[in-house]
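Engineer: A structural model of the following input is requested.
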Amino acid sequence: MQQDEERLLFLNEMAGVQPLRKHRPVGALRIAPLTPGQLYRREAAVRVEERDRDVLSLCLKKQVRPDDWLSFKRGGVQNGVFKKLRQGRYPVEATLDLHQSMPERARDELAAFISDCMAHDIRTALINHGRICGGARGRALIKSYVAQWLPELEEIMAFHTAQKPDGGDKAVYVLLRKSERRKQENRERYGGRQTV
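Structural biologist: Reported below is the predicted structural model:
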């Protein structure tokens with residue numbers, strides 16, 4: 001008897017309720033074609049991995065002298081930032097020693113070093129290229145390659161010959177591009193936003 005009462009209560013409550021329509025089974029998923037921007041970004045991600053080694057040519061375009069000062073600043077780098085770099089006032093977060101390396105090995109080590117710096121959000125580095133190589137002629141071979149390679153890497157914003165305590169004309173200070181994470185931190189810090 002109790003079951004009959006419960007059934008009547010249930011039917012009264014469900015009066016006027018319509019059953020859901022059955023949906024058609026979903027066929028194969030339709031994938032929208034990639035936009036040109038998506039294709040470009042996908043290809044660029046693959047190119048970045050292959051580019052580092054390939055872009056750094058072993059065909060030396062200009063020989064620098066052992067006592068030449070190296071200096072480079074990409075557009076958009078503020079003069080005050082570059083001056084601070086020149087004066088060695090940024091803390092060196094990573095170093096690479098290339099002196100006494102052969103050009104092929106120096107190229108590979110430099111590409112790997114820059115990739116590691118970017119992966120670890122390193123902003124300033126010191127590269128020791130040495131000064132003289134090549135016997136009696138006294139050529140600054142690795143120094144010449146470093147002067148050629150660094151501007152070719154888009155991660156490098158600026159570089160300048162180091163101060164004497166850091167190696168003088170045997171080394172360069174390097175300013176690397178900010179990672180997206182650091183850019184976002186700066187926007188939050190200086191953009192007037194308050195974080196909770």
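Engineer: Using the three-state scheme, assign the residue nearest the centre of the chain.
Structural biologist: Most central in the chain under C-alpha atoms, centre = their mean is Met118, positioned 4.2 Å from the mean C-alpha point. Following DSSP: H, G, I helix; E, B strand; the rest coil, Met118 is assigned to helix.
Engineer: Spit out the contact partners of the residue lying closest to it once chain neighbours are set aside.
Structural biologist: Among residues not flanking Met118 along the chain, Glu155 sits closest, at 5.5 Å (C-beta to C-beta, 6 or more residues apart in numbering). Where you see a C-beta, it was placed from the backbone N, CA and C, and this is true even at glycine. For Glu155, the contact set (C-beta atoms under 8 Å, 6 or more residues apart in numbering) comprises 114, 117-118, 176-177.
Engineer: ok, now how distant is the residue nearest to the centre of the chain from Ala112?
Structural biologist: 11 Å (C-beta to C-beta, to the nearest Å).
Engineer: got it, and Leu9?
Structural biologist: Here Leu9 is placed at a distance of 75 Å from Ala112 (C-beta to C-beta).
Engineer: The two - which one has more neighbours?
Structural biologist: Per other C-beta atoms under 10 Å, whichever of Leu9 and Ala112 has more neighbours is Ala112, with 13 against 10.
Engineer: what does the helix or strand harbouring that one rub up against?
Structural biologist: Assigned by DSSP states H and E, Ala112 falls within helix 103-119. Residues outside helix 103-119 that contact it (C-beta under 8 Å, 6+ apart) are 52-53, 56, 58, 93-94, 96, 98, 101, 122, 125, 127, 129, 141-142, 145-146, 149, 153, 155-156, 176-177, 179.
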